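> build me a model from this:
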Amino acid sequence: MDYKEKVVEWIDSNQLDIAKVLSEMVKIPSVNPFFEDNKDVIYEEKFQEFLANYLEEMGMNVELWEPNAKELAKYEGKAGYYEGRDFTNRPNLHGELKGTGGGKSILLFGHADVVKAGDEWQEDPFGGEIKDGRIYGRGTVDMKGGIAAMVMAVKAIKESGIKLRGDVYVGSVSDEEAGGMGTLAYVDKGYRADGCIVTEPTKLNIAPLCRGILWGKLTVLGRAGHIEMDQEDWRTGGAVDAIDKATLFLEHFKRLNKEWAITKKHPLLPIPCQINIAQFNAGEYPTSYASKAEIVFNAQYLPSEKDENGLGSNVKKEIEDLVMKVANTDPWLQENLPEIQWIVDADCGETDYGNPFVQTMEKAALSINNDITVEGLSCHSDMGWLIESGIPTVNFGPGEPRIAHQADEYVEISKLIEATKIIALTIINWCGIEE
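Okay, the predicted model is just below:
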């Protein structure tokens, strides 16, 4: 039996233990405070401490530290920087397993934070329930399933008695779900590797790119007035329905999306970039016209559209120009200009398909599952700063991305095991071994 067979056999023989590790991770409700800011929420700290202890028991050297927004102010205006962001009880983690020398290094990378559970769960969102071949809970897909797979891949190699030539690093950061400042802090520390796997959920496909994501809020003003009464002209004090004015922008967003469906495509992405409406907030009373309407939207952009700071300012301007163009067609809006507030600009990245690291990972994946393909991520991941720092990076992990933030989020144990095998074989092939 060769070393690869030994590793695969160990993983097959320890499937339940791998599932239990993920279950224990899910039981730690590491909710990002962007979504749930109260003293009863644990945030990322307890998860990072759990992971640090596990890695140390495996023989890895581990560092935990809390990022400091003031120390990162030199990145103002660049991807991932948000002034005043608080990282109290929200540490980053870096672990190292030194090789014997002469091999290439690899970074296994993930984020500790999850979005809040929300409503409509049939399962306990932080129960880590194992049943019917699945593990349920917030974060099973996004992305504690990937973290469990990468950690257990390293353990499988060690338990199989294999000595790697290259170094293996494990990075786990806070704050990915709200813009990626944890990754900025990680890169700022100077950590580098010859290749990186970000274990975001990809359905076990290899994703050498992700899109950038813009969150924006468009505020459209109106003037309140009795909705059941005939209204005089707005110039002489009549009411103006903010909802009616906001629909003008919704219609033009639809038209722009038809253009983007043609102009903002990528051969490795299954869908084009679009402006998707996430929230529509308007009105005060059933008897009054709305005095204000807010449209919260999510717009995506391609790596080729990044500006010099790695952000989406070019796409922001495209949307802002459209909003002003629409406003200039309406006398009320001309005098009461709508306003766009940009909430999040999450960067993107791309590693060329021909890069040796991508090829190494694809070969390992196909040796386990012939149905695996190369396909980009339609959502954001933390790969942007890793690529900017010179590390060839791919996204790869178990789970269906479409159910990542849903109620009753789950990952199939069989896919978790496949991911563990593929990551382990990629580590072996990339780092090399001492015969």
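> any idea of the mean pLDDT for stretch 32-46?
Taken as a whole, stretch 32-46 has a mean pLDDT of 79.
> my bad, should have said stretch 257-275
Computed over stretch 257-275, the average pLDDT equals 97.
> doesn't Val115 make contact with Glu177?
Yes: in this structure, Glu177 sits in contact with Val115. The criterion is CB atoms under 8 Å, and the distance is 5.5 Å. Yep, even glycine has a C-beta here, placed from its N, CA and C like the rest.
> state the distance from Cys196 to Gly101.
Distance from Cys196 to Gly101, counting by CB to CB, to the nearest Å: 20 Å.
> higher neighbour count, these two?
A direct count of neighbours by other CB atoms under 10 Å for Cys196 and Gly101 places Cys196 higher, at 25 against 10.
> the more buried one pairs with what?
Here Cys196 sits in beta bridges with Leu107, Thr393, going by DSSP bridges.
> mind listing what it touches?
By CB atoms under 8 Å, 6 or more residues apart in numbering, the residues touching Cys196 are 106-109, 383, 386, 391-394.
> distance check, it against Gly145.
Distance of Cys196 to Gly145, computed by CB to CB: 18 Å.
> Ala153 reaches Ala424, doesn't it?
Yes: look at Ala153 against Ala424 with CB under 8 Å: they come within range, at 3.9 Å.
> overlap in contacts, the two.
When contacts are counted by CB under 8 Å, 6+ apart, Ala153 and Ala424 have Ile11 as shared neighbours.
> Ile135: what secondary structure?
Recorded secondary structure, Ile135: strand (DSSP: H, G, I helix; E, B strand; the rest coil).
> and it, how far is that from Asp194?
Taking CB to CB as the criterion, Ile135 is separated from Asp194 by 32 Å.
> repeat for Tyr43
The spacing between Tyr43 and Asp194, counted by CB to CB, is 32 Å.
> now stretch 102-110: buried residues?
Of the residues in stretch 102-110, those buried by neighbour count under the rule 16 or more other CB atoms under 10 Å are 103-110.
> what's the answer for stretch 215-230, then?
Using 16+ other CB under 10 Å as the burial criterion, the residues of stretch 215-230 that qualify are 215-225.
> one more: stretch 71-78?
72, 75, 78.
> could you do stretch 317-327 as well?
319-320, 322-323, 326-327.
> going by distance to Ala239, which of the residues you listed wins?
Sorting the buried residues of stretch 317-327 by distance to Ala239 puts Ala327 at the head of the list, at 19.0 Å, by CB to CB.
> the closest one contacts Leu333, correct?
Yes: contact status for Ala327 versus Leu333: in contact at 4.0 Å, counting by CB under 8 Å.
> rewinding a little: could you dump the buried residues of stretch 102-110 into a markdown table with distance to Thr360 added?
Formatted as a markdown table, the entries for the buried residues of stretch 102-110 read as follows, by distance: CB to CB, whole Å:
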| residue | distance to Thr360 |
| --- | --- |
| Gly103 | 12 |
| Lys104 | 9 |
| Ser105 | 13 |
| Ile106 | 10 |
| Leu107 | 14 |
| Leu108 | 14 |
| Phe109 | 16 |
| Gly110 | 20 |
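> can you list those in a markdown table and add pLDDT?
A markdown table is the format used below for these (pLDDT from 0 to 100):
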| residue | pLDDT |
| --- | --- |
| Gly103 | 97 |
| Lys104 | 98 |
| Ser105 | 98 |
| Ile106 | 98 |
| Leu107 | 98 |
| Leu108 | 98 |
| Phe109 | 98 |
| Gly110 | 98 |
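> Leu22: which of these is nearest?
Gly110 (12.1 Å).
> quick one, phi/psi of that closest one?
Summarising the backbone geometry of Gly110 under the convention degrees, to the nearest 10, its torsions are phi -150, psi 180.
> tell me the secondary structure for the spatially most central residue of the chain?
Nearest residue to the geometric centre of the chain (CA atoms, centre = their mean): Ser381, 3.8 Å. Secondary structure assignment for Ser381 (three-state DSSP): coil.
> how about Val411?
Reducing the assignment at Val411 to three states with three-state DSSP gives strand.
> strands along the stretch 251-400 of the chain, start to end?
Taking DSSP state E, counting those that start in this stretch to define them, one finds strands in the stretch 251-400 of the chain at 275-282, 292-301, 339-346, 349-350, 393-395.
> quick check: buried residues in the third one?
Of the residues in strand 339-346, those scored as buried under the neighbour-count criterion (16+ other CB under 10 Å) are 340, 344-346.
> what about it, average pLDDT?
Confidence over strand 339-346, taken as the mean pLDDT, stands at 93.
> for it, name the packing helices and strands.
In this structure, strand 339-346 packs against strand 212-221, helix 313-327, with contacts taken as 3 or more CB pairs under 8 Å, 6 or more residues apart in numbering; DSSP states H and E.
> can I get these in TSV with distance to Arg90 and mean pLDDT?
Output for these, formatted as TSV (distance: least, CB to CB, whole Å; pLDDT from 0 to 100):
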stretch	distance to Arg90	mean pLDDT
strand 212-221	20	96
helix 313-327	28	98
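> want to throw those into a markdown table with distance to Asn32?
Shown next, in a markdown table, are the helices and strands packed on strand 339-346 (distance: least, CB to CB, whole Å):
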| stretch | distance to Asn32 |
| --- | --- |
| strand 212-221 | 14 |
| helix 313-327 | 24 |
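> ok so, going back, what's the most distant pair in the buried residues of stretch 102-110?
Largest separation among the buried residues of stretch 102-110 by CB to CB: Gly103 and Gly110, giving 22.5 Å.
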